[in-house]
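> Dropping the sequence and predicted coords here.
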Amino acid sequence: MLQSGDGRSDWWRSAAIYQVYIRSFADGNGDGVGDLAGIRARLPYLRDLGVDAIWINPWYRSPMADAGYDVADYFDIDPLFGTLTEADELIAEAHAMGLRVIADVVPNHCSDQHEWFQAALRAGAGSIERDRFWFRPGKGQDGDSPPNDWPSSFGGSAWTRVDDGEWYLHSFAAEQPDFNWANAEVRAEFRRILRFWLDRGLDGFRIDVAHGLVKQDDLPDIGSDPDPLDLPNSDRPEVHDVWREWRKVVDDYPAGRVLIGEVWVASADALARYLRPDELHSAFNFDFLRCSWDARQFRQVIDDTLAAHAPVGAPASWVLSNHDVTRHVSRYGRADTSFDSATSQFSTPTDLQLGIRRARAAALLTMALPGCVYIYQGDELGLWEVEDIPDELRQDPVWRRSGFTDRGRDGCRVPLPWGGEEPPFGFSPDTVEPWLPQPSEWRDRTVATQNGDPGSMLELYRMALRIRRAEPALGDDTMTWLPAPQNVLAFSRGDRFSCLVNLSETTVELPERTVVLLASALSEDGGIPPDAAVWLRTA
Ligand code: GLC
């Protein structure tokens with residue numbers, strides 16, 4: 001049972017954090033969309049899986065133009081997901097099971113339905129209400145061209161014109177106006193939002209678009225060949241002031257509250273600047289997520305990550321998938337295993353069995369590396385990207401904003417299969433259709449089917465998390481590379497634990513004087529086959 005300030009205050013340095021994509025986790029009220037009631041009912045599943053914390057994607061009041069990343073009211077739960085009281089109960093129940101709860105906070109932008117943006121629209125040009133956002137006159141004789149050339153991350157221009165002729169900036173969908181972080185009221189409001197949720201017992205926040213809040217205030221064009229290390233709308237040096245301010249808020253609470261950044265930047269060093277001792281506690285390692293299934297590249301990313309994190313004293317993190325990227329089972333089953341964009345590889349031949357074998361090995365790799373590990377819901381079931389969602393059912397705004405050329409991120413957001421022989425696989429009551437259709441092939445990947453099957457992905461995750469927790473050398477500490485055949489990664493943690501990942505095309509023998517603690521696969525003669533990983537106890 002966790003209570004405020006209880007437990008190890010540096011738990012996050014070696015935690016396993018499970019991402020709950022709320023609308024696709026479990027549907028508790030039978031409307032086809034996941035919700036707080038669903039999460040509460042499945043908390044024992046998460047406890048038994050062996051994770052330390054859950055991060056829940058945005059649950060705030062929202063018109064859902066971007067699945068909740070368009071927040072209309074930061075102080076309330078959207079009725080689609082439940083109520084504030086249910087959130088309180090969820091936090092208390094999770095704590096009683098030893099699970100910490102991290103919420104998503106979205107500070108770069110709000111919903112166009114947020115009362116501040118509505119007030120800005122009414123107040124007109126030059127008003128203090130408009131100064132909370134980025135309103136500018138357009139270019140050209142009639143001001144009918146956008147103020148600059150910035151693209152929206154979801155396609156098209158980052159500017160939309162309002163009735164009185166001014167334009168406003170939105171780095172994502174038009175329904176997501178960017179806040180102006182040079183504005184003192186914006187800063188104060190977010191401190192209030194953080195306190196509101198910390199007071200309710202939350203253990204921390206995952207911060208959306210943490211690299212993007214501050215814009216160069218003269219809003220210059222980006223041009224056709226920008227320097228990725230000097231962009232006017234990303235990774236501005238002043239953004240670090242915001243994180244120092246937030247860190248002070250969090251540090252007012254009992255130790256153990258964390259800030260975790262979604263930081264997309266050009267290098268491991270740039271990422272580490274967000275993790276200085278007075279800024280964020282942790283950030284997702286997207287270089288690792290983007291890495292190809294290749295021993296040399298993995299080793300390089302691991303070395304670069306550890307080298308960049310050490311000087312700031314922050315633990316590394318290891319991420320394979322999330323709600324924005326193609327699931328790694330699919331990525332690893334393709335000829336090109338790197339991550340580019342969610343859809344550039346749609347309709348590429350994918351060997352799912354190969355992808356699953358590699359995903360099993362990748363699970364053991366990530367959980368053996370120093371630092372914390374993030375698990376995206378469904379990783380533990382070996383789910384793959386769903387590529388055949390009918391176009392008319394697609395919900396991601398990327399699909400529309402790209403002029404129906406980019407199919408977006410719905411394929412990694414399909415509701416979880418819990419049990420049963422056909423959709424909705426226990427996600428919703430039997431007669432209800434989930435908000436996105438599930439593939440019938442998932443009948444073999446449900447929690448119920450995998451439960452108790454020693455060869456399943458689910459049992460591999462459970463075993464790995466159990467060993468990881470019990471093994472003093474795992475979690476946050478140092479690692480040492482060991483000599484290994486070509487295209488094999490081998491490293492030790494402490495004196496008696498080692499991990500081997502075979503990315504070569506031939507079976508590798510177990511090193512002498514070792515005993516297998518856990519294997520993603522073993523050959524008949526006890527060797528490590530291609531695309532497999534083992535955890536070893538050194539005698
Ligand atoms: C982040 C979220 C993504 C969202 C975007 C805009 O990248 O992870 O899902 O669409 O920010 O808020």
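Cool, the structure landed. Residues are numbered from 1 along each chain as shown.
> Not counting sequence-adjacent ones, nearest residue to the residue nearest the centre of the chain?
For the chain, the residue lying nearest the average C-alpha position, counting by C-alpha atoms, centre = their mean, turns out to be N322 (4.3 Å). Closest residue to N322 apart from its sequence neighbours, by C-beta to C-beta, 6 or more residues apart in numbering: Y376 at 5.0 Å. All C-beta atoms are positioned from the backbone trio N, CA, C, and that covers glycine.
> so what's that neighbour bridging to?
In this structure, Y376 has the following beta-bridge partners (DSSP bridges): Q19.
> That one contacts S321, doesn't it?
Yes. Y376 lies in contact with S321 (C-beta atoms under 8 Å); the separation is 4.3 Å.
> ok, Q438 - how many residues close by?
24 (other C-beta atoms under 10 Å).
> Please tell me I have it right and it contacts R413.
No. The pair Q438 and R413 fails to qualify as a contact (C-beta under 8 Å) at a distance of 11.2 Å.
> Retrieve the pLDDT associated with the residue in the chain that the ligand sits nearest to.
Going by C-beta to the nearest ligand atom, the ligand is nearest to Y69 of the chain, at 3.3 Å. According to the prediction, Y69 has pLDDT 98.
> Please apply the same query to M1.
At M1 the predicted local distance difference test score is 58.
> so who does the residue lying closest to G143 once chain neighbours are set aside touch?
Of all residues not flanking G143 in the chain, P137 sits nearest, at 5.0 Å (C-beta to C-beta, 6+ apart). Neighbouring residues of P137 by C-beta atoms under 8 Å, 6 or more residues apart in numbering: A125, G143, P147, G165, E166, W167.
> So for the fifth one, what pLDDT did the model give?
pLDDT, E166: 98.
> what's near enough to touch it?
With C-beta under 8 Å, 6+ apart as the criterion, the residues that contact E166 are A125, R130, F135, R136, P137, G138.
> what does G124 give?
Taking C-beta under 8 Å, 6+ apart as the test, what G124 contacts is R130, D164.
> Poorly predicted segments of the chain, please.
Scanning the chain for pLDDT under 70 picks out the ranges 1-7, 340-345.
> Quick one: name the residues of it near the ligand.
Proximity of the chain to the ligand is assessed by C-beta under 6 Å from any ligand atom, with D66, Y69, V106, F172, D208, V209, E262, H323, D324 identified as the residues in range.
> Neighbours of the last one, how many?
Other residues near D324 number 18, with proximity taken as other C-beta under 10 Å.
> okay if I get the residues of the chain next to the ligand as a markdown table plus secondary structure and distance to D76?
Formatted as a markdown table, the entries for the residues of the chain next to the ligand read as follows, by DSSP: H, G, I helix; E, B strand; the rest coil; distance: C-beta to C-beta, whole Å:
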| residue | secondary structure | distance to D76 |
| --- | --- | --- |
| D66 | coil | 18 |
| Y69 | coil | 16 |
| V106 | coil | 14 |
| F172 | coil | 22 |
| D208 | coil | 18 |
| V209 | coil | 22 |
| E262 | coil | 23 |
| H323 | coil | 22 |
| D324 | coil | 25 |
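> for those residues, which one is nearest Q450?
Using C-beta to C-beta, H323 comes nearest to Q450 of the residues of the chain next to the ligand, at 21.6 Å.
> For the residue nearest to that closest one when sequence neighbours are not counted, list the residues it contacts.
If the residues on either side of it in the chain are set aside, H323 comes closest to Y21, at 4.8 Å by C-beta to C-beta, 6+ apart. Contact criterion C-beta under 8 Å, 6+ apart gives G34, N57, H323, Y376, Q377, R413 as the residues in contact with Y21.
> Look up how far G201 lies from Y21.
22 Å (C-beta to C-beta, to the nearest Å).
> Could you do L259 as well?
Using C-beta to C-beta, L259 is found at 16 Å from G201.
> okay, those two: which has more neighbours?
Ranked by neighbour count (other C-beta under 10 Å), L259 and G201 place L259 first, with 25 against 19.
> Most neighbours among the residues of the chain next to the ligand, please name it.
For the residues of the chain next to the ligand, the largest neighbour count, defined by other C-beta under 10 Å, is 27 neighbours, found at V106.
> wait, isn't that one in contact with P58?
Yes. Using C-beta under 8 Å as the test, V106 is close enough to P58 to be in contact (6.0 Å).
> what is in contact with those two at once?
Taking C-beta under 8 Å, 6+ apart as the contact criterion, the residues that touch both V106 and P58 are Y69, V71, D208.
> I'd like those as JSON lines, with distance to Y461 appended.
Rendered in JSON lines, the data for the shared contacts of V106 and P58 read as follows (distance: C-beta to C-beta, whole Å):
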{"residue": "Y69", "distance to Y461": "27"}
{"residue": "V71", "distance to Y461": "32"}
{"residue": "D208", "distance to Y461": "26"}
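> Contact partners for D66?
In this structure, D66 makes contact with F154, F172, A173, E175, Q176, D396, P397, judged by C-beta under 8 Å, 6+ apart.
> same deal with W116?
In this structure, W116 makes contact with C110, E129, R132, F133, judged by C-beta under 8 Å, 6+ apart.
> Find the pair from those with maximum spatial separation.
Farthest apart among the contacts of W116 by C-beta to C-beta are C110 and E129. That separation is 13.1 Å.
> more crowded one of the two?
Counting neighbours by other C-beta under 10 Å for C110 and for E129 shows that C110 has the greater number, 28 against 18.
> Count residues in the vicinity of the nearest residue to that one once chain neighbours are set aside, would you?
Counting by C-beta to C-beta, 6+ apart, V71 is the residue found nearest to C110 once chain neighbours are left out, at 5.2 Å. Using other C-beta under 10 Å, V71 is surrounded by 28 other residues.
> now swap in D430 and tell me
When neighbours are counted by other C-beta under 10 Å, D430 registers 11.
> now it: how far from R23?
Between D430 and R23 the distance, using C-beta to C-beta, works out to 19 Å.
> Tell me how many other residues crowd the nearest residue to A473 once chain neighbours are set aside.
Spatial nearest neighbour of A473, excluding adjacent residues (C-beta to C-beta, 6+ apart): G494 at 2.8 Å. Counted with other C-beta under 10 Å, the burial measure for G494 works out to 15 neighbours.
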